[in-house]
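Engineer: Pasting the sequence and the predicted model now:
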Amino acid sequence: MMYQLKMEEVLGFSNELSQALQRKDQDIVNAMNLISITKERLQALRDDGWEPLLEEVILFGNKHDINIPSMDDIFFRGKSIRGGNAESITIGNHYRIELFYTVVDMQLQELNDRFNETNSRLLICMESMCPNNSFSKFDKAKLIEFAKFYPIEFSPTSLVLLDSQLDTYIFDMRRSVEFASLKGISDLSKKKWLHSKNILIIL
């Protein structure tokens, strides 16, 4: 029962984040903030969530006449790996360390694997390409930082030229009626692809 209660809460965090990330109108910066908040909530749950959970389980057990064992009772007793005195694990330690911490740590590890510091920074830099409100989030410094993630495509010389090219790019985009109504990076990608295709057809 204790494991089920905690799984429901942890999975509730993950589901809430998953639903938010799947929204088509979700911008990248807001998505990264949601990921950061979810990590903080999971960490807070790990640090301070055990005692409230235990109290909840005890109250539930008392209300429904369910026997709740003492957390100080021995759950397992075995031989020490080094052959010394027998080692024992209490019921409290079993549920807290082997179940509670394990469940929360698995979720934290998955989020850290999927959204590490480099990936997060990459996504935030991509936000600078968003065409909403006449490219109001355009940030040349972030786009140059974004290019540095791809050293094969952007040599040091290319990065120097990119500074000026980006000034030309944003001037062109903001004066073009064709790109004025775009919403989100996906719209920009589609429009640029169609624009390039039309040029090839003309040629």
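Structural biologist: Yep, it's here. Residues are numbered from 1 along each chain as shown.
Engineer: burial of T38, as a residue count?
Structural biologist: Counted by other C-beta atoms under 10 Å, the residues lying close to T38 total 20. Backbone N, C-alpha and C define where each C-beta goes, glycine included.
Engineer: Work out which residue lies at the spatial centre of the chain.
Structural biologist: I35 (3.6 Å; C-alpha atoms, centre = their mean).
Engineer: OK, contacts around the residue nearest to A147 when sequence neighbours are not counted?
Structural biologist: Spatial nearest neighbour of A147, chain neighbours left out: F154 (4.4 Å); criterion: C-beta to C-beta, 6 or more residues apart in numbering. With contact set as C-beta atoms under 8 Å, 6 or more residues apart in numbering, F154 has these partners: 147-148, 162.
Engineer: what does H94 give?
Structural biologist: Residues in contact with H94 (C-beta under 8 Å, 6+ apart) are 75-76.
Engineer: if we go to 10 Å?
Structural biologist: Listed by C-beta atoms under 10 Å, 6 or more residues apart in numbering, the contact set of H94 reads 71, 74-76, 100.
Engineer: Could you do L161 as well?
Structural biologist: Contacts of L161 (C-beta under 10 Å, 6+ apart): 154-155.
Engineer: One more: the one 5 residues further on?
Structural biologist: With contact taken as C-beta under 10 Å, 6+ apart, L166 is in contact with 128, 138-141, 143-144, 147.
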